[in-house]
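Engineer: Fold the following, please.
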Amino acid sequence: MADLKQLNIVKELALKKERTALQALSAAQQQMAGLQQQLKTLQQYKTDYVAQITATGRDGVTVANLLLLQNFLAKIDTSLTQQRDIIARAQLAVNSRRTQWQQARQYLDSISHLISSSEQKIIDIELKKEQKLADEFAMMAHYRKLKASR
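Structural biologist: Take a look at the predicted model:
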């Protein structure tokens, strides 16, 4: 019985660890979603900017303005590359958090299974004791009946 109490304490600790790991995974996934949204916004900004330049360029563009536009597009491309790098690192963090959560979940499941097995063993032992007592009472009753009939 004491072992079962200790296992339940371990289970509670494992449950807390699993919940913490799940919260960390959720936070990492939310951060990843935000970063991906920022990337989409940046890509859309570039697309809109190029469309605007194309429309304006039909009327003619000076060399100086063309160089400014090219430099600005290069900065946007650099920002896109940096954002993709940040997303790649965030994906690694999500994967790491997922692994940590899976390990915590597996440990919790193992402890839960161990507790269930222990509880079943206790039940089996109790049932065997009851059966033994019932058998002993039946034998004693049968012995008394035989003795009384003689």
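Engineer: tell me what the helix or strand containing Val94 is packed against?
Structural biologist: Assigned by DSSP states H and E, Val94 belongs to helix 63-149. Under the contact criterion of 3 or more Cβ pairs under 8 Å, 6 or more residues apart in numbering; DSSP states H and E, helix 63-149 touches helix 2-57. C-beta coordinates here come from the backbone N, C-alpha and C atoms, glycine included.
Engineer: Quick one: mean pLDDT over the helix it packs on.
Structural biologist: For helix 2-57, mean pLDDT rounds to 93.
Engineer: re earlier: quick one, the helix holding Val94 and helix 2-57 angle?
Structural biologist: Inter-element angle recorded for helix 63-149 and helix 2-57: 160 degrees (by axes from the mean of the first three to the mean of the last three Cα atoms, to 10 degrees).
Engineer: average pLDDT for helix 63-149?
Structural biologist: 93.
Engineer: State the distance from Arg144 to Tyr49.
Structural biologist: 103 Å (Cβ to Cβ, to the nearest Å).
Engineer: Could you do Gln103 as well?
Structural biologist: 46 Å.
Engineer: And for Gln120?
Structural biologist: Distance from Gln120 to Tyr49, counting by Cβ to Cβ: 68 Å.
Engineer: between these two, who's got more neighbours?
Structural biologist: Tyr49 (14 against 10; other Cβ atoms under 10 Å).
Engineer: which residues touch that one?
Structural biologist: By Cβ atoms under 8 Å, 6 or more residues apart in numbering, the contact set of Tyr49 is Phe72, Leu73, Ile76.
Engineer: out of everything not next to it in sequence, what's closest to the first one?
Structural biologist: Put plainly, it is Phe72. Nearest residue to Phe72, sequence neighbours excluded (Cβ to Cβ, 6 or more residues apart in numbering): Tyr49, at 7.6 Å.
Engineer: next one: the last one
Structural biologist: The spatially closest residue to Ile76, leaving aside those adjacent along the chain, is Lys46, at 4.8 Å (Cβ to Cβ, 6+ apart).
Engineer: I'd like to know how many residues surround the one you found.
Structural biologist: 16.
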